[in-house]
Each structure stands twice: as C-alpha cells, then as structure tokens.
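Peer 1: Fold the following, please.
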Amino acid sequence: MPVELDADLETVAEESPLVNAVTNDVTVNDVAQTILHWGGLPVMSDDEREVGDMVAGAQACLLNMGTVSETGEATMLEAGESANDHGVPVVVDPVGVGATPTRNRVAERLVTELNAAVVKGNYGEITALVGDEAEVRGVESIGEYSDIATTAVAVAQTFNTVVVASGKTDIVATEDVAYEVSAGHSKMGTIVGTGCMLGATVATFAGAIDDTAHAALAGTAAFSLAGEAAANGDFGKVHGPASFNVSFKDAIAGLTVDTDDARSRIKEVLSTTEA
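Peer 2: Residues are numbered from 1 along each chain as shown. Predicted coordinates:
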C-alpha cells in the first residue's frame with residue numbers, strides 16, 4: 001500500500017477534521033491534545049443527550065472503553081450509531097477486552113452492533129476479540145503473540161474492518177493483507193496513555209483521508225515515528241518519563257518525515273490474496 005507520509009501529514013493539517021472522542025477518564029486530555037497536535041479539532045462530548053448530534057457534524061468518532069461504565073456504554077453506542085448513520089468513520093479501541101466479562105460484553109457490542117471503520121488495540125486485546133487465548137492484565141497486554149498478523153487479519157475478516165494491533169512492532173491489517181510498522185521506541189511504554197493516543201491519531205487521520213486502510217497505516221507510522229524522534233532527543237533532552245511525555249507531544253505537533261525512510265519502515269508481512 002503506497003503511503004506518502006509527508007503528503008498525508010499535510011492532508012490532515014489542511015482538512016483539520018473534527019474528531020469526537022468518547023474516551024476514558026484517565027487520558028482524556030492526552031487524547032484531546034493528540035488530535036489537536038496532528039491538526040485536528042478535538043471535541044470530547046460524552047453525554048448521551050447530545051453526542052449523536054455532535055458526531056453527526058464530525059469527520060471521525062473515537063470510542064475508547066478504557067473506563068467502562070453503564071452510561072459510557074450507552075453513550076458509545078449512541079455515538080457510533082449516529083456516526084454510522086452520517087457516514088462518519090468510527091474507530092473502536094476495546095481497552096482491556098479479555099480482562100473481565102463486562103469488558104468482553106461491551107467490546108462485543110461495539111464491534112458487532114456498529115460498523116467500525118477501524119478496530120485498534122494491543123496484541124492481547126486484538127487476540128481476545130476473536131476468542132483466542134490472550135493474556136490481558138488490567139488494560140495491559142502481556143505474553144507472546146507470534147501469530148499476531150494472522151490474528152489481525154482474522155479480526156478484520158470477522159468484523160469487516162481495518163485492524164491496528166499495537167506492540168513491539170505495530171500491525172495494520174485488512175481482510176486481505178497485513179503490514180508491519182517497524183518504528184517507535186521502548187520509552188513509549190513508560191507513560192500512561194500511548195495506546196489511547198494512538199487511537200486518537202488513527203481517528204484523526206481517518207477523518208481526513210478517505211481510504212481507511214491508508215489512513216490507519218499512515219497514522220500508525222506517524223505516531224511511532226514521533227515517539228522515536230522524541231526518544232532520540234529530536235525535540236529536547238529526555239531525562240525520564242515526564243520529559244519524554246512533553247517531547248512526545250512536541251514531536252506529534254512538529255513531526256517531519258523523510259518519505260523514503262518512512263516507506264522503508266512499512267513491510268507487507270501477510271497476504272491472503274492468491275498470486
């Protein structure tokens with residue numbers, strides 16, 4: 001899949017998509033800042049009485065079940081239904097699916113009752129969505145997932161969606177093909193919220209780029225390259241998690257990319273299409 005990341009970044013900035021994020025209480029500010037720093041417009045409407053109207057005028061909708069609740073479940077479904085009715089792409093982040101029966105039930109509703117343009121989760125969450133054995137502790141993925149590309153394609157086929165599976169390397173999959181994004185840095189795991197920020201990134205790109213798979217791949221690559229640039233000190237000296245967090249947000253706001261380098265980080269690792 002051709003990804004011209006420098007052009008994609010310009011497109012997002014020029015389109016300035018309005019993204020309504022129904023997200024978790026822990027990282028709501030990080031999600032809003034991420035959308036803004038890429039060039040989007042964040043709105044965090046999470047009231048069932050208005051969210052449908054807000055989403056109807058947006059360009060993307062993010063549903064993150066990090067702090068799942070009964071009212072939050074109803075709000076996410078209302079937002080997703082409005083997005084589907086108005087042709088607004090929905091990004092579902094099934095945080096912690098596989099950890100508790102409640103999260104399993106809510107995640108199942110989001111991916112079966114709604115038409116999700118993208119499902120974004122860590123390796124464990126993506127594995128749990130298709131009923132395979134996954135190790136999810138709280139909201140963190142642990143264990144080994146050597147067949148994650150195959151699993152991501154299976155999720156894409158099951159729910160007719162694009163899948164982003166985040167981990168040591170990220171996988172972006174459609175029903176036919178999976179790509180590996182080799183970028184990022186271990187420091188991204190030293191702060192709370194990078195998974196939520198990735199979901200926000202994918203939603204922002206999906207709100208500006210018509211091809212959803214292209215948007216998911218470009219957004220995932222851009223996010224990982226920003227984390228790498230921040231960890232390498234390109235946006236200020238990093239002393240620890242707090243300074244890295246600041247540099248990471250600066251990197252998102254100021255990322256420039258070498259197109260050839262960005263392209264070299266993306267590799268097709270699985271195809272179900274016969275030659």
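Peer 1: If you count neighbours, what's buried in stretch 151-167?
Peer 2: Judged by neighbour count (16 or more other CB atoms under 10 Å), stretch 151-167 contains these buried residues: 151-159, 161-166. The way it works is simple: take the backbone N, C-alpha and C, and place the C-beta from them, glycine included.
Peer 1: do the same with stretch 99-112
Peer 2: Neighbour-count burial for stretch 99-112 flags Ala99, Arg103, Asn104, Val106, Ala107, Leu110, Val111 (criterion: 16+ other CB under 10 Å).
Peer 1: so of those residues, which ones are in helices?
Peer 2: Among these, the residues falling in helices (DSSP state H) are Arg103, Asn104, Val106, Ala107, Leu110, Val111.
Peer 1: helix or strand for Ala79, which one?
Peer 2: Element membership for Ala79, per DSSP states H and E: helix 70-85.
Peer 1: What lies in contact with that helix?
Peer 2: Identification of contacts with helix 70-85 by CB atoms under 8 Å, 6 or more residues apart in numbering yields 20, 22, 45-48, 51-53, 55-56, 58, 61, 63, 65, 88-90, 92, 106, 109-110, 113-116.
Peer 1: Centre of the chain to that helix, how far?
Peer 2: 18 Å (CA atoms, centre = their mean, to the nearest Å).
Peer 1: And stretch 73-89, by the same measure?
Peer 2: The answer for stretch 73-89 is 17 Å, by CA atoms, centre = their mean.
Peer 1: now Ala178: how far from Arg263?
Peer 2: Look at Ala178 and Arg263: by CB to CB, to the nearest Å, they are 17 Å apart.
Peer 1: Which one of these two is surrounded by more residues?
Peer 2: Ala178 (23 against 15; other CB atoms under 10 Å).
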